[in-house]
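Peer 1: no sequence on this one, just coordinates:
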């Protein structure tokens, strides 16, 4: 946008839609979501200029058309810096935040209570809009902000790790000048900022309906919170997934040395695989593709089902774990299956029949997998996409399949503190030389002892 076209009375605001932040310079009227209530006498048919694509009421259902209406007023970071250089930052405060994803409206324009003219079920309030923005936007107005994911990823992630460990009681960080609730708020803001920068990418194509399915993934490196803190990933409802999608598994061919972080990364094995218990079922198919995660090569493996199964959450008193049980009531194969944990996570996530997010515990071990995938390709159960094929064309023959007999470790791996461990079964972790490292119970005991020692200090 040419900043010479900006009117001195325009207000600068930020909009979040589908995890993407944008900044605009618009008139006061254009920032009022429920303009019909704000000005009941307004008649768009009598106006010589079309007002906001004739959208008198804006909410999350027509946000895309609202953004189209104000697109010509969008400001780039260069535009903002140019404005500040010309007039000073104080003359161009960020006044409004509209968060369509969270259904929030923050009003920093104290002269008029425009935050009251919002859709039903939204939250509107007065406040400092900068407090509701990721730091890479906030620092344009406040250069004192110390950490930014876009300015210094390594320092930003190190601070996130420190905050997470501190809040979990796993480090010696005790700063009485920063109360726990302040630290929690700062951690949540930094985590949210990180995930705002993680792209949602087209990764797979459904073998049943042909739909291109998207998923968020950090392609910069395995040091990101997508890998180290997966519980805060976007929910499935944020992605463009077809009804046949069931689960995302994956593998990563590691390049050494690996990053150093006390937060675990469960990257999977180094070569593609299938889970026979799932894929042998008559309604299941899987699709493998290839992407780059920094210097590492990753293999997303999407699982699809032609028939929509019934997913039931069950709990085992013996293991004190919950499980997602998969049943196919309309199939000739009535076998019930247990859904494994998803790629890089400690749980499996799905949307139930009431459109509510559900999660369950789960496991996936070497013994559950088949790394000899050629036979599954030949019988049409595993399809593949050529690396770097943006069209995501599906292939179903083993001829020229680039995923067969790849070199790499065929064990599930965990990266922690710059070391790579792998496990073969439910009982123990092993180092890469085959020696036992520690059992799960030993690992939990060490964590408990470490926490108790830090609480004494």
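Peer 2: Thanks, I have it. Note that the structure is a prediction, hence the values are computed from the model and not measured.

Peer 1: could you use CA atoms for every contact and neighbour count after this?
Peer 2: Fine.

Peer 1: tell me which element residue 24 is part of?
Peer 2: strand 20-26 (DSSP states H and E).

Peer 1: cool, and residue 358?
Peer 2: In this structure, residue 358 sits in strand 357-361 according to DSSP H and E.

Peer 1: got the buried residues for that strand?
Peer 2: By neighbour count on 16 or more other CA atoms under 10 Å, the buried set for strand 357-361 is 359-361.

Peer 1: that one pairs with which strands?
Peer 2: Next to strand 357-361 in the sheet, as set by DSSP bridges, lie strand 347-351 (antiparallel).

Peer 1: check contacts around residue 224.
Peer 2: 157, 218 (CA atoms under 8 Å, 6 or more residues apart in numbering).

Peer 1: need phi/psi at it.
Peer 2: Backbone geometry at residue 224, expressed as degrees, to the nearest 10, gives phi -70, psi 160.

Peer 1: residue ranges with poor pLDDT in the stretch 201-350 of the chain?
Peer 2: Residue ranges of the stretch 201-350 of the chain with pLDDT under 70: 319, 329-336.

Peer 1: strands of that one, residue ranges please.
Peer 2: 212-216, 245-253, 265-268, 284-288, 291-293, 296-305, 310-316, 321-327, 337-338, 347-351 (DSSP state E, counting those that start in this stretch).

Peer 1: cool, and the stretch 51-200 of the chain?
Peer 2: Under the criterion DSSP E, counting those that start in this stretch, strands of the stretch 51-200 of the chain are mapped to 74-75, 94-99, 104-107, 123-126, 200-205.

Peer 1: with distance to residue 260 and mean neighbour count added, can I get those strands in a markdown table?
Peer 2: Listed next are those as a markdown table, based on distance: least, CA to CA, whole Å; neighbours: other CA atoms under 10 Å:
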| stretch | distance to residue 260 | mean neighbour count |
| --- | --- | --- |
| strand 74-75 | 38 | 19 |
| strand 94-99 | 35 | 24 |
| strand 104-107 | 37 | 24 |
| strand 123-126 | 41 | 16 |
| strand 200-205 | 26 | 22 |
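
Peer 1: switch those over to a markdown table; also include distance to residue 156.
Peer 2: Listed next are the strands of the stretch 51-200 of the chain as a markdown table, based on distance: least, CA to CA, whole Å:
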| stretch | distance to residue 156 |
| --- | --- |
| strand 74-75 | 25 |
| strand 94-99 | 23 |
| strand 104-107 | 26 |
| strand 123-126 | 29 |
| strand 200-205 | 21 |
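
Peer 1: can you give me the neighbour number for the closest residue to residue 189 other than its chain neighbours?
Peer 2: Nearest in space to residue 189, with sequence neighbours left out and distances taken as CA to CA, 6 or more residues apart in numbering, is residue 134 at 7.0 Å. Here the count is done by other CA atoms under 10 Å, and residue 134 has 21 residues near it.

Peer 1: could you chop this protein up by domain?
Peer 2: Annotated domains of the chain cover 3-141, 153-196, 204-416 [automatic domain parsing].

Peer 1: mean neighbour count and distance to residue 41 added to the strands of the stretch 201-350 of the chain, as TSV?
Peer 2: Listed next are the strands of the stretch 201-350 of the chain as TSV, based on neighbours: other CA atoms under 10 Å; distance: least, CA to CA, whole Å:
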stretch	mean neighbour count	distance to residue 41
strand 212-216	19	44
strand 245-253	23	48
strand 265-268	25	58
strand 284-288	25	56
strand 291-293	17	55
strand 296-305	22	53
strand 310-316	15	52
strand 321-327	18	55
strand 337-338	16	60
strand 347-351	19	43
